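Participant: Let me see the structure of the following:
(2 chains)
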There are 2 protein chains.
Amino acid sequence: MSVTAAKGFTAAGIAAGIKENGNPDLALVVNNGPRRAAAGVFTSNRVKAAPVLWSEQVLKSGQVAAVVLNSGGANACTGPKGFQDTHATAEKAAEVLGAGAGEIAVCSTGLIGVTLPMDKLLPGVETAAGRLSEHGGEKAAIAIKTTDSVHKTSVVTKDGWTVGGMAKGAGMLAPGLATMLVVLTTDADVEAEALDRALRAATRVTFDRVDSDGCMSTNDTVLLLASGAAGVTPAYEEFAEAVRAVCDDLGQQLIRDAEGASKDIKVEVVGAATEDDAVEVGRSIARNNLLKCAIHGEDPNWGRVLSAIGTTKAAFEPDALDVAINGVWVCKNGGVGEDRDKVDMRYREVHIVADLGAGGATATIWTNDLTADYVHENSAYSS
Amino acid sequence: MSVTAAKGFTAAGIAAGIKENGNPDLALVVNNGPRRAAAGVFTSNRVKAAPVLWSEQVLKSGQVAAVVLNSGGANACTGPKGFQDTHATAEKAAEVLGAGAGEIAVCSTGLIGVTLPMDKLLPGVETAAGRLSEHGGEKAAIAIKTTDSVHKTSVVTKDGWTVGGMAKGAGMLAPGLATMLVVLTTDADVEAEALDRALRAATRVTFDRVDSDGCMSTNDTVLLLASGAAGVTPAYEEFAEAVRAVCDDLGQQLIRDAEGASKDIKVEVVGAATEDDAVEVGRSIARNNLLKCAIHGEDPNWGRVLSAIGTTKAAFEPDALDVAINGVWVCKNGGVGEDRDKVDMRYREVHIVADLGAGGATATIWTNDLTADYVHENSAYSS
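Facilitator: Numbering: from 1, shown residues only, chains lettered A, B, ... in the order given. Below you'll find the model as predicted:
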C-alpha cells in the first residue's frame, strides 16, 4: 500500500540502471490532487546533499506535485554539477508530468561524493512516469532501498481518510533524522501549514529519537503530501496523531533493520527535570559504544549506563540514579541493586530504564547494539 | 624506569589477589622527598569513582606522600561502602609508611559496580610497602594493567633533572581523559602550583585529545609528584615542555594499545577559526563510527568525514572544505578531489587532515578504527 494507500496518489518504482547490479533504483510519487499541499523536514547536517538543498526550496511554497527518489547515489558533496543534476531531474519530471519544476521534490540516497549517471536517470524518470499506478506504492518503496534488507511501509486508516508512507534506511541513523528518505501521503484535506506542524511534531518524537549509530546523514528527508481526495478535513489533533503513528511505525522498522544489529534497545529516561535533559541522557546512553557492545554480549553492564549518564549536563545526583535492564533494577541509588543474573537478555528487544530522580520528565531513544556485523558491513560499504 | 626514573621515588608492584587470575594488581609509588609537592587532574565524568572523590580532596593540599593503585576493580558506583574502602586503603598506606592518610592518593581501575576485596587489598598494601625499591617502577607499571597488552612508561631526562611516568589504559579512552591512570614523577624542585599549571597545560593537548572510542571513564586520574631530590628548579617553560613530552608519549602508547584496534588515526584539523572549533570538528570526526569502520576497511571514505564535520557548530562553508587522507587531497572544495585510489592505507597509522578554510587555528585528535575485535573484546568484558 505505502504511498498509494491514500486516494489521489499514484506511484512507480523501476530499475533505471543507476545501480550497477540492476536492482530497482528510481521511484516516482505523484499527487493527483485536487489539493497538492505538502510539508518537509530535512537533515540538520550542515553538509547537505544537492537534492536536500533543492527540495528545501521547493517545500517553501507548501506545494508539491511529485517526488522523484533515487537510490544508488546520494548526490552529496558533488558541487555545482550535483545541483545541476538535481535541477535537471526536477525539470524532466515536470516535463513528463505537465507540472512546474518548482513543484517537484527530489530525494537521493547512496554513496556520497559520486555524481549520478544522468544518462540513466533522466530516461528512468520518463519510464517511471509511464508506469504510474494507484497500486505502485510497494514498488516505489522497493526502489528506494540501499542496504535495507526489507522495504518499509505503513498505513493508518481513519474514518474516511488515510495516512500512509514508505521509508528507507538501515544505518547512519541519528537525530536530525536518520539516513533515510520518507514519503508520507494523505488524502485528508489539510493545508500546508497544518501539515508542517503535524509533521514536525511527529518527527521530533519519532525519527529524531531513532539513533542507531550516532551518525547523521547529508540526505535525510521526510515529506508529507496531501491530496485532499478524500474530501475530509479531520480535526488537527486526530490528524497529527495519525501522522505520528505512521512515523513511529516506520521509525521502528528502521531500527529493526539497522545494519548488522542483533538487538533493538529502547532507552527510556524517566525522572528527568526537563524533557531536554531526558533526551540528552537518552542519547548519551544510546551512543555509548562500550554499552552497545555489552548489550550485544547480553551483559547487563549498568556501570556503562552510569558512566554515559555522567558525561551529560542533565540535572541529577550520582547517588540517586536507578537503572533497570529488562525490568530488573540492577542499579539502585548509584550503586549495586538487584542481582544482575536475574536479567534475561535472550530476546532481540532490550529495555533500559534510567531514573534520574530529578523530576517528572521522560523521553525514549531507540538504538541498536554494536556488532562485528556492523563493522563488517560498514568497512566494506564502498568496495 | 617509569616512576622511579626520577630521584627520590621508590615503587613496588605485587599480586595481592584482587585479580582472580593471580596477575599483579597492586602498585605503590612513594615520594621520599625532600619535597612532596603534587598536582592532579581527574575525570570530568560526573559519576566519579570513590578513589577519584578521595584523591581530589587529597590533591587540594598540593602534597602527596604516596599513591596506592589497584587494578582488578574500579571501586566505582559502590556507594558509601566504596568510599570507606578507599579511605581504609589510604589509612593502611599511611600507617605502614608513617605518613598522614590525607597525603595518600588512591587510584583504582577495573569493573564498575563491584566492591574491592579488602581482605586482599589491605595486606597487599603492607606487602608492597615491604618491597619498595628505586628500581620498582617497571613492576608498578605492570601491576596497574587491566586489558592493556603492554605496560606503558616514559622518561625525559634533562640537565640534572628527570620527568618519568607510567600509564594504564586500553579502551574507554575519551576526553576528560581516557580510562587511564597515570602517575608522573619528577626530581625537579617545583612547587605544587607550577606542577598544577604544567600538568593541566600538558593534559589539555595530550590525554584530552586521545579519543579512542568516545567513552569517558569514571576513574581517570593523572598525578604529577615532585620530590625535589635533584635540587634543581628548571625554568617553567622547560619543565612544562618535559611534562608535555612525557604525557604525549604515554598518550600515543595508549592509542597504540587500544582494544581491538588495527589503525591509529591522527585527525588533524587546520584552517579553523578557533582552537575550540578545531577540537570540536576533530572530535566529531574521531567519533564517527561509520568513518572508523571505513578506515578499518582501508576505504578512504571522505564523504563520512564531511558528514561528521557537518554535524558541528564550527565556522566553515561546506563548499570550502578540503580533506586529505594519507597525503592525498581526496576532497577539494566540498566535492571530489584527487583520485581516491592514490591513497595508500596499508599501514597502521592513518593521517586525516580536514581544512575548514575558516582561519588559522589547528588541533589534532587521535583515535582508532572500529573493528570486530573491539566488539568482541567489549561484549565479553565482564563475563
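
Participant: hey, let's count contacts and neighbours off CA atoms from now on
Facilitator: OK.

Participant: which stretches of the stretch 201-350 of chain A have low pLDDT?
Facilitator: Scanning the stretch 201-350 of chain A for pLDDT under 70 picks out the ranges A:212-215.

Participant: Give me every residue in the stretch 51-200 of chain A lying close to chain B.
Facilitator: A:77-79, A:112-114, A:172 (Cα under 8 Å from any Cα of the partner chain).

Participant: Show me where chain A has its helices.
Facilitator: Under the criterion DSSP state H, helices of chain A are mapped to A:50-59, A:79-97, A:118-130, A:137-143, A:192-205, A:236-256, A:275-286, A:289-296, A:302-309, A:372-379.

Participant: Counting by contacts, list what the first one packs against.
Facilitator: Okay, so that is helix A:50-59. Under the contact criterion of 3 or more Cα pairs under 8 Å, 6 or more residues apart in numbering or on different chains; DSSP states H and E, helix A:50-59 touches strand A:37-42, helix A:79-97, strand A:104-108.

Participant: rerun at 10 Å
Facilitator: strand A:37-42, strand A:66-70, helix A:79-97, strand A:104-108, strand A:221-226 (3 or more Cα pairs under 10 Å, 6 or more residues apart in numbering or on different chains; DSSP states H and E).

Participant: circling back to that earlier point, in TSV, list the helices of chain A along with distance to B:Ala141 and mean neighbour count.
Facilitator: Below are the helices of chain A laid out as TSV (distance: least, Cα to Cα, whole Å; neighbours: other Cα atoms under 10 Å in any protein chain shown):
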stretch	distance to B:Ala141	mean neighbour count
helix A:50-59	54	22
helix A:79-97	53	20
helix A:118-130	61	19
helix A:137-143	57	26
helix A:192-205	49	19
helix A:236-256	44	21
helix A:275-286	32	24
helix A:289-296	25	26
helix A:302-309	25	26
helix A:372-379	32	22
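
Participant: now those helices in a markdown table, with distance to A:Gly13?
Facilitator: Below are these laid out as a markdown table (distance: least, Cα to Cα, whole Å):
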| stretch | distance to A:Gly13 |
| --- | --- |
| helix A:50-59 | 19 |
| helix A:79-97 | 14 |
| helix A:118-130 | 7 |
| helix A:137-143 | 4 |
| helix A:192-205 | 25 |
| helix A:236-256 | 19 |
| helix A:275-286 | 35 |
| helix A:289-296 | 36 |
| helix A:302-309 | 43 |
| helix A:372-379 | 26 |
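
Participant: what domains does the record give for chain A?
Facilitator: Here the domain parsing of chain A from automatic domain parsing is A:2-256, A:264-379.

Participant: of all the ones you listed, which lies closest to B:Glu56?
Facilitator: Distance to B:Glu56, taken as Cα to Cα, is lowest for domain A:264-379 among those, at 16.6 Å.

Participant: number of nearby residues for the closest residue to A:Ala361 other than its chain neighbours?
Facilitator: Closest residue to A:Ala361 apart from its sequence neighbours, by Cα to Cα, 6 or more residues apart in numbering or on different chains: A:Ala272 at 4.7 Å. By other Cα atoms under 10 Å in any protein chain shown, the residues close to A:Ala272 number 24.

Participant: residues contacting A:Ala272?
Facilitator: Contact analysis of A:Ala272 by Cα atoms under 10 Å, 6 or more residues apart in numbering or on different chains lists A:278-279, A:281, A:314-316, A:354-363.

Participant: Just those: which are in strands?
Facilitator: If you go by DSSP state E, the contacts of A:Ala272 have A:354-355, A:361-363 in strands.

Participant: Tabulate these (TSV), appending pLDDT and distance to B:Cys331.
Facilitator: Shown next, in TSV, are the ones in strands among the contacts of A:Ala272 (pLDDT from 0 to 100; distance: Cα to Cα, whole Å):
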residue	pLDDT	distance to B:Cys331
A:Ala354	97	42
A:Asp355	98	45
A:Ala361	96	44
A:Thr362	96	42
A:Ala363	93	39
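
Participant: Where neighbours are concerned, which of these has the most?
Facilitator: A:Ala354 (28 neighbours).

Participant: Tell me what it is bridged to.
Facilitator: A:Val269, A:Val323 (DSSP bridges).

Participant: contacting residues for it?
Facilitator: Shown in contact with A:Ala354 (Cα under 10 Å, 6+ apart): A:267-272, A:278, A:281-282, A:285, A:302, A:305-306, A:309, A:321-325, A:329, A:331, A:362.

Participant: could you redo the last one with a cut-off of 6 Å?
Facilitator: Applying Cα atoms under 6 Å, 6 or more residues apart in numbering or on different chains, we find A:Ala354 in contact with A:269, A:322-323.

Participant: Mind telling me the two of the ones in strands among the contacts of A:Ala272 farthest from one another?
Facilitator: Between any two of those, the greatest separation by Cα to Cα is 11.8 Å, found for A:Ala354 and A:Ala361.

Participant: of the helices of chain A, which approaches A:Thr218 most closely?
Facilitator: Proximity to A:Thr218 (Cα to Cα) singles out helix A:50-59 among these, at 8.1 Å.

Participant: pull the CA atoms of the closest one into PDB?
Facilitator: C-alpha atoms of helix A:50-59 as PDB (Å, rounded to 0.1, in the frame of the first residue of the first chain):
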ATOM      1  CA  ALA A  50      22.100  18.700  -3.600                       C
ATOM      2  CA  PRO A  51      18.600  17.200  -3.600                       C
ATOM      3  CA  VAL A  52      18.100  18.400   0.000                       C
ATOM      4  CA  LEU A  53      19.100  22.000  -1.000                       C
ATOM      5  CA  TRP A  54      16.700  21.800  -3.900                       C
ATOM      6  CA  SER A  55      13.800  20.300  -2.100                       C
ATOM      7  CA  GLU A  56      14.100  22.700   0.800                       C
ATOM      8  CA  GLN A  57      13.400  25.400  -1.700                       C
ATOM      9  CA  VAL A  58      10.500  23.600  -3.300                       C
ATOM     10  CA  LEU A  59       8.900  23.000   0.000                       C
END
